[in-house]
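In: Here is my input, please return the structure:
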Amino acid sequence: MTLTDKIAFGSGIAALAVALVVLIARVMRVRAGAAGQKKRVSAALRRFAAPRGYRVIDDARFVMGPLTGWADHLLIGMFGVLLVYDLSIQGEYYGKPDDERWTVAAAGGKRWAVGNPLLEAGKCEGRVRTLLKEAGIRVPVEHAVVIACPLKGSVSRIPSEEVMVLNKLGAYLGKSKFETDRGIDVEKVFQILSGAKK
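Out: Presented below is the predicted three-dimensional model:
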């Protein structure tokens with residue numbers, strides 16, 4: 001075996017090892033399931049929030065008498081509050097923004113129906129506005145749904161800019177509305193909402 005053959009063989013082994021590490025990392029992310037995907041969305045929100053002095057609350061659930069509202073994540077900033085919901089089934093999502101259920105078409109012809117988180121966002125928005133109004137604070141409340149499955153093949157066919165795959169979340173947060181200063185006291189809003197969380 002010549003020196004060139006040895007170098008080529010060594011390079012091939014190194015490339016195979018790198019490919020194996022990448023494959024294992026992807027499989028581990030999928031095996032982390034919905035909880036792992038929620039962590040990925042939370043991490044993306046926190047990366048956006050940290051340099052701006054924004055705050056993030058995970059697993060927010062608000063109970064007001066017989067009424068409840070929940071969101072997987074809240075992003076609180078000078079723009080207001082963003083309610084974020086995670087979807088973790090890999091596939092193509094179909095439906096309309098106001099449909100009660102959306103359809104997920106997965107590989108192999110499998111189909112699932114999932115509840116439309118935008119409808120839940122309307123309830124949670126009401127709880128958030130009421131909690132803050134009681135403290136004399138009025139803020140705009142936005143919402144977004146993130147399809148968080150890490151594998152390729154997840155696509156949103158839902159005609160709404162508020163529904164996106166995870167790798168589009170950064171571009172969505174890059175919109176000027178999330179940089180608009182509306183004079184909101186981020187820490188005060190964070191304290192009220194985190195204190196009301198059940």
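In: alpha carbons only for contacts and neighbour counts from here, please
Out: OK.
In: Please save the CA atoms from the helix or strand containing residue 72 in PDB.
Out: Residue 72 is located in strand 67-77, with elements delineated by DSSP states H and E. The C-alpha trace of strand 67-77 is given here as PDB (Å, rounded to 0.1, in the frame of the first residue of the first chain):
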ATOM      1  CA  LEU A  67     -60.900  29.300  32.600                       C
ATOM      2  CA  THR A  68     -57.400  28.100  31.700                       C
ATOM      3  CA  GLY A  69     -54.900  29.200  29.100                       C
ATOM      4  CA  TRP A  70     -51.600  27.600  28.300                       C
ATOM      5  CA  ALA A  71     -48.600  28.000  26.000                       C
ATOM      6  CA  ASP A  72     -45.400  26.000  25.600                       C
ATOM      7  CA  HIS A  73     -43.400  29.100  25.800                       C
ATOM      8  CA  LEU A  74     -43.800  32.900  26.400                       C
ATOM      9  CA  LEU A  75     -41.300  35.400  24.900                       C
ATOM     10  CA  ILE A  76     -41.600  38.700  26.800                       C
ATOM     11  CA  GLY A  77     -40.000  41.800  25.300                       C
END
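In: mean confidence for it?
Out: Mean pLDDT, computed over strand 67-77, is 93.
In: again, but for stretch 94-110
Out: Stretch 94-110 comes out at a mean pLDDT of 91.
In: And the next helix or strand past the helix or strand of the chain with the lowest mean pLDDT?
Out: Every helix and strand in the chain was compared by mean pLDDT, DSSP states H and E; the lowest is helix 3-31, with a mean of 65. The first helix or strand that comes after helix 3-31 along the chain, using DSSP H and E, is helix 33-49.
In: Would you mark the buried spots in that following helix?
Out: Neighbour-count burial for helix 33-49, counted by 16 or more other Cα atoms under 10 Å, picks out 34, 36, 37, 38, 40, 41, 42, 45, 46, 48, 49.
In: Confidence-wise, which of those comes last?
Out: residue 34 (63).
In: before we move on, the earlier item: the strand holding residue 72 to helix 33-49, inter-axis angle?
Out: Angle between the axes of strand 67-77 and helix 33-49 is 40 degrees (criterion: axes from the mean of the first three to the mean of the last three Cα atoms, to 10 degrees).
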